[in-house]
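Novice: Here's a sequence, model it:
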Amino acid sequence: MNFNNHSSLDGRHAFLGASKYHWINYDELKVAESYSKFLATRKGTILHEFAAQCISLRQKLPKSQKTLNMYVNTELRNRLNRLQMEKQYAQLNQREKSAGAKFVTNVLLNAAQQTASKYVSQYMSKGVEALINMATKK
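Specialist: Below is the predicted model:
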């Protein structure tokens with residue numbers, strides 16, 4: 001059995017199809033009006049996809065009175081405002097360390113640095129002594 005290949009029609013809808021049979025009773029003017037609405041719907045879908053793509057890529061459009069440009073730019077501005085407000089909120093809600101907590105943190109950091117320094121120098125001295133001993137035994 002041979003089937004027709006309709007892969008090139010993917011994503012397209014028939015204007016006059018069997019599922020929409022009412023067009024049989026339309027006059028010429030009504031068919032033209034329906035076709036005009038069909039094209040407007042298709043154009044709207046394409047423009048909506050374009051706007052969504054611009055917004056996801058954060059691509060600003062030229063400033064104009066076109067509805068599409070104003071919509072995309074407004075959405076980008078809203079996203080930027082939302083991000084700025086989230087950042088400000090995070091900054092406002094940071095907990096300030098008390099003087100005692102700062103003092104304890106500094107003491108612990110200094111103690112850790114001194115201890116680390118002490119052990120590093122101690123083990124480096126042992127390593128250098130071992131190298132000197134190995135060199136002098138030969």
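
Novice: Off-centre distance for the top helix by length along the chain?
Specialist: Secondary structure of the chain per DSSP state H: the longest helix is helix 99-137. Relative to its chain's centre, helix 99-137 lies at 45 Å (Cα atoms, centre = their mean, to the nearest Å).

Novice: Ok, stretch 82-98 next?
Specialist: The answer for stretch 82-98 is 21 Å, by Cα atoms, centre = their mean.

Novice: can I have that stretch written out in CSV, keeping just the CAs?
Specialist: Extracted in CSV, the C-alpha atoms of stretch 82-98 (Å, rounded to 0.1, in the frame of the first residue of the first chain):
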residue,chain,number,x,y,z
ARG,A,82,12.2,41.9,38.9
LEU,A,83,15.9,40.8,39.0
GLN,A,84,16.9,44.2,40.5
MET,A,85,14.1,43.9,43.2
GLU,A,86,15.2,40.3,44.0
LYS,A,87,18.8,41.5,44.4
GLN,A,88,17.8,44.5,46.6
TYR,A,89,15.6,42.2,48.7
ALA,A,90,18.5,39.8,49.2
GLN,A,91,20.8,42.7,50.3
LEU,A,92,18.1,44.0,52.7
ASN,A,93,17.7,40.6,54.3
GLN,A,94,21.4,39.9,54.9
ARG,A,95,22.0,39.5,58.5
GLU,A,96,24.5,41.9,60.0
LYS,A,97,27.1,40.2,62.3
SER,A,98,27.2,41.4,65.8
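
Novice: Give me the residues contacting it.
Specialist: Thr105 (Cβ atoms under 8 Å, 6 or more residues apart in numbering). (C-beta placed from N, C-alpha, C; glycine too.)

Novice: Show me what counts as buried in that stretch.
Specialist: For stretch 82-98, the neighbour count (16 or more other Cβ atoms under 10 Å) marks no residue as buried.
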